[in-house]
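**Student:** Following is a predicted model, sequence given first.
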Amino acid sequence: MELSVVHAFNRRFVMAVFGSIWEIPGIKAGVVTGDVAWALLAFAKSRKFAIPAFNVTSSSVIVAVLEAAKAVNSPIIIQFSHG
């Protein structure tokens, strides 16, 4: 099966089955990788919302981003770069 066909199936499956990101099997607070990360991205696409990515250059920015995400109960992507 081609990768695009698999992703199309996964998007439809995720959209039909899960009402909240917390219902995606294997998802938990913290780092999300592999199939769980793909399921989260498919869920966001099916619900027509974006998962924001924040480029951080210091620990104080990381803390601020994590606290804001927790306050609004939203998944985020943290990007790292050399400041």
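**Tutor:** That came through, no problem. Numbering: from 1, shown residues only.

**Student:** ok, the most centrally placed residue in the chain - contacts?
**Tutor:** With distances taken as CA atoms, centre = their mean, the residue of the chain nearest its centroid is residue 40 (4.7 Å). For residue 40, the contact set (CB atoms under 8 Å, 6 or more residues apart in numbering) comprises 21, 24, 27, 32, 51, 75. Backbone N, C-alpha and C define where each C-beta goes, glycine included.

**Student:** Tell me how far the closest residue to the second one other than its chain neighbours lies from residue 62.
**Tutor:** If I follow you right, that is residue 24. Spatially, and ignoring its direct neighbours in sequence, residue 24 is nearest to residue 39 (4.9 Å; CB to CB, 6 or more residues apart in numbering). To residue 62, residue 39 is 25 Å away according to CB to CB, to the nearest Å.

**Student:** Tabulate the CA atom coordinates of stretch 50-68 in PDB.
**Tutor:** Taking Å, rounded to 0.1, in the frame of the first residue of the first chain, the C-alpha atoms of stretch 50-68 are listed here in PDB:
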ATOM      1  CA  ALA A  50      -3.000  23.700  13.100                       C
ATOM      2  CA  ILE A  51      -0.600  22.600  15.800                       C
ATOM      3  CA  PRO A  52       1.600  25.600  16.400                       C
ATOM      4  CA  ALA A  53       5.300  25.300  16.400                       C
ATOM      5  CA  PHE A  54       7.400  27.700  18.600                       C
ATOM      6  CA  ASN A  55      11.100  28.300  18.000                       C
ATOM      7  CA  VAL A  56      12.800  28.500  21.300                       C
ATOM      8  CA  THR A  57      16.300  29.800  22.100                       C
ATOM      9  CA  SER A  58      16.400  29.700  25.900                       C
ATOM     10  CA  SER A  59      14.900  27.800  28.800                       C
ATOM     11  CA  SER A  60      12.800  30.800  29.800                       C
ATOM     12  CA  VAL A  61      11.000  30.700  26.400                       C
ATOM     13  CA  ILE A  62      10.500  26.900  26.700                       C
ATOM     14  CA  VAL A  63       8.900  27.400  30.100                       C
ATOM     15  CA  ALA A  64       6.600  30.200  28.800                       C
ATOM     16  CA  VAL A  65       5.500  28.100  25.800                       C
ATOM     17  CA  LEU A  66       4.800  25.000  27.900                       C
ATOM     18  CA  GLU A  67       2.800  27.000  30.500                       C
ATOM     19  CA  ALA A  68       0.800  28.700  27.700                       C
END
